[in-house]
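K.L.:
Make a model of this:
(4 chains)
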Protein chains: 2
Amino acid sequence: MSTAAETTGGDIEPWGEVTPDAARRLLVAAVEAFAERGYHATTTRDIAGRAGMSPAALYIHYKTKEELLHRISRIGHERAVSILRAAAQGEGSATERLADAVSSFVRWHAGRRTTARVVQYELDALGPEAREEILALRRQCDAAVRGIIEDGVATGEFDVPDVKGTTLAVLSLCIDVARWFNVKGPRTPDEVGALYADLVLRMVGAGTSGAAQR
Amino acid sequence: MSTAAETTGGDIEPWGEVTPDAARRLLVAAVEAFAERGYHATTTRDIAGRAGMSPAALYIHYKTKEELLHRISRIGHERAVSILRAAAQGEGSATERLADAVSSFVRWHAGRRTTARVVQYELDALGPEAREEILALRRQCDAAVRGIIEDGVATGEFDVPDVKGTTLAVLSLCIDVARWFNVKGPRTPDEVGALYADLVLRMVGAGTSGAAQR
DNA sequence: AGCCGCACTAAGCGCCCGCTCACCTTCGGC
DNA sequence: GCCGAAGGTGAGCGGGCGCTTAGTGCGGCT
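P.N.:
Numbers count the residues shown, from 1 in each chain, chains lettered A, B, ... in the order given. Got it, this is the predicted structure:
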């Protein structure tokens, strides 16, 4: 049991890559504050206070408040890309890979809801340069999902008239989980992941045609 | 052609109910500013400037900046409820009514994207009392859609193992349109509405069973 | 023991925020 | 022609913001 090791689910202890310790505590505090109140409604004094430090301490580790958001957003998006890429490059049929991609992506949005909320909904608070960097990562997310769907159409597993539009809808459905998911609600992240994987397979028409499905 | 009349699509000229004229111009300016930058990043000076007035003029018509958001949110949610209720109480089969609900709800989110964005994503900026009022309207949206899906399950048109979860997903899918829709993008609101109606019918299994579908 | 370097703090600077107030027009009623 | 109400303005108040700076405590090397 190391301080920043993988957990049983293959998930990675979050923010383990951020050093030194004080910088990580500030970043975790910022994630919580941004998720609760939004970037613009969060003060640097609030972030420092949650991390048990004085307001000035923040500026030893980060140049500005925006740099904090940028770091959070990049790390979060890299995680999102790696989740979707891992599923896309898996070994099963397109049906299995799509179900895997959706259920693990949704599990992340539900289980790490505070992070996901900041990552997905505070993009506009970044400056043009940082935003463009993040948008490139989003395009990689889109490409990973679109690739799976195209595979499924090619093998005849899926029936999808509009691949780009359907890709957009699938990602949109997953991302919006970060908006409504409630930790105290009746559903666990695993349950929502399974439900959504089923719904998405229905959206692409998996299992309704006579074509080869594994 | 009156100043606040219905248009060809059955849509209502927005904000026609807000009087006097100066109050309406301020409210429209606030919708644009909140949608572009978010509530907390918008200043009262910006709102007044967009409406061609001095900062002080805002406080003749509205007590606080939050009251502006509250008014926008309530009017927007009332419109959302009326769209969904009109579809739910229509005359066709559950399949037809669900397609109608989704396509018109999506058309509103895409076509009136600035309004929808404020309505759907700035809820947390309201105080507890106003938020509770708005949440009641959201529950009515949920009830309208759930009603259609329950009808379809009862008639055998739909195959839905988890009605509550599927209702949530359908609404989530529609609402998230306000986040990603781009007026300069390749799709019109009508096209997205049609695409989404098709995807949702697939999600509920309409047209796949042997049961009565009209 | 002496000292350097660095993480951190107390205090506060300059700015802009939401909001107010004293005053100014415009205009219908008599 | 005068009046009061309604709707608007310019100036500015108190306060909290992001961020800076001078100084402090302390662990580790010689």
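
K.L.:
Please count neighbours and contacts with C-alpha atoms only from this point.
P.N.:
Noted.

K.L.:
Can you pull up the most central residue in chain A?
P.N.:
Central residue of chain A (CA atoms, centre = their mean): A:Ala80, 4.2 Å from the mean position.

K.L.:
I'd like to know which elements the helix or strand harbouring that one is packed against.
P.N.:
With secondary structure defined by DSSP states H and E, A:Ala80 is part of helix A:65-88. Using 3 or more CA pairs under 8 Å, 6 or more residues apart in numbering or on different chains; DSSP states H and E, the elements in contact with helix A:65-88 are helix A:21-37, helix A:94-111, helix A:113-121, helix A:128-155.

K.L.:
again, only using 7 Å
P.N.:
Contacts defined by 3 or more CA pairs under 7 Å, 6 or more residues apart in numbering or on different chains; DSSP states H and E place helix A:65-88 against helix A:94-111, helix A:113-121, helix A:128-155.

K.L.:
So is it next to DNA strand D?
P.N.:
Yes - Helix A:65-88 reaches DNA strand D (CA under 7 Å from any atom of the strand) through A:65-66.

K.L.:
Quick check: mean pLDDT of that helix?
P.N.:
Mean per-residue pLDDT for helix A:65-88: 96.

K.L.:
What residues of that helix count as buried?
P.N.:
For helix A:65-88, a neighbour-count test (16 or more other CA atoms under 10 Å in any protein chain shown) marks A:65, A:68-70, A:72-77, A:79-85, A:87-88 as buried.

K.L.:
how is chain A carved up into domains?
P.N.:
Chain A breaks down by automatic domain parsing into domains covering A:14-62, A:66-203.

K.L.:
Take these and write them to CSV, including distance to B:Val183.
P.N.:
Shown next, in CSV, are the domains of chain A (distance: least, CA to CA, whole Å):
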stretch, distance to B:Val183
domain A:14-62, 25
domain A:66-203, 15
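
K.L.:
just to revisit the earlier point, so which of the helices and strands packed on helix A:65-88 is the most packed in?
P.N.:
Comparing the helices and strands packed on helix A:65-88 by mean neighbour count (mean count of other CA atoms under 10 Å in any protein chain shown), helix A:94-111 comes out on top with a mean of 24.

K.L.:
Now do it and helix A:113-121, the angle between them.
P.N.:
Counting by axes from the mean of the first three to the mean of the last three CA atoms, to 10 degrees, helix A:94-111 points 110 degrees away from the direction of helix A:113-121.

K.L.:
Quick one: mean pLDDT over helix A:94-111.
P.N.:
97.

K.L.:
in chain A, which segments are predicted with low confidence?
P.N.:
Within chain A, the ranges that satisfy pLDDT under 70 run A:1-12, A:209-214.

K.L.:
do that again at 50, thanks
P.N.:
A:1-9, A:210-214 (pLDDT under 50).

K.L.:
who in it is up against DNA strand D?
P.N.:
Residues of chain A that fall close to DNA strand D, judged by CA under 7 Å from any atom of the strand: A:40, A:42-45, A:55-56, A:59, A:63-66.

K.L.:
and with 10 Å instead?
P.N.:
Residues of chain A lying near DNA strand D by CA under 10 Å from any atom of the strand: A:39-48, A:54-60, A:62-68.

K.L.:
Can I have the buried ones of those as a PyMOL selection?
P.N.:
Selection of buried members from the residues of chain A next to DNA strand D for PyMOL, criterion 16+ other CA under 10 Å:
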select buried, chain A and resi 39+40+42+43+44+46+47+48+57+58+65+68
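
K.L.:
among the residues of chain A next to DNA strand D, which are in strands?
P.N.:
Using DSSP state E, no member of these falls within strands.

K.L.:
Could you tell me which residues of chain A lie near chain B?
P.N.:
Selection of chain A residues close to chain B by CA under 7 Å from any CA of the partner chain yields A:40-41, A:172-173, A:176, A:199, A:202-203.

K.L.:
So which of those residues are in helices?
P.N.:
Of the residues of chain A next to chain B, the ones assigned to helices by DSSP state H are A:172-173, A:199, A:202-203.

K.L.:
Determine which two of the residues you listed are furthest apart.
P.N.:
Farthest-apart pair in these is A:Ser172 and A:Arg202; separation 15.8 Å (CA to CA).

K.L.:
Any of the residues of chain A next to chain B buried? List them.
P.N.:
Buried residues within those, defined by neighbour count using 16+ other CA under 10 Å: A:40, A:172-173, A:176, A:199, A:202-203.

K.L.:
For those, give me JSON lines that also has distance to A:Gly147.
P.N.:
Below are these laid out as JSON lines (distance: CA to CA, whole Å):
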{"residue": "A:His40", "distance to A:Gly147": "36"}
{"residue": "A:Ser172", "distance to A:Gly147": "16"}
{"residue": "A:Leu173", "distance to A:Gly147": "18"}
{"residue": "A:Asp176", "distance to A:Gly147": "21"}
{"residue": "A:Leu199", "distance to A:Gly147": "19"}
{"residue": "A:Arg202", "distance to A:Gly147": "18"}
{"residue": "A:Met203", "distance to A:Gly147": "16"}
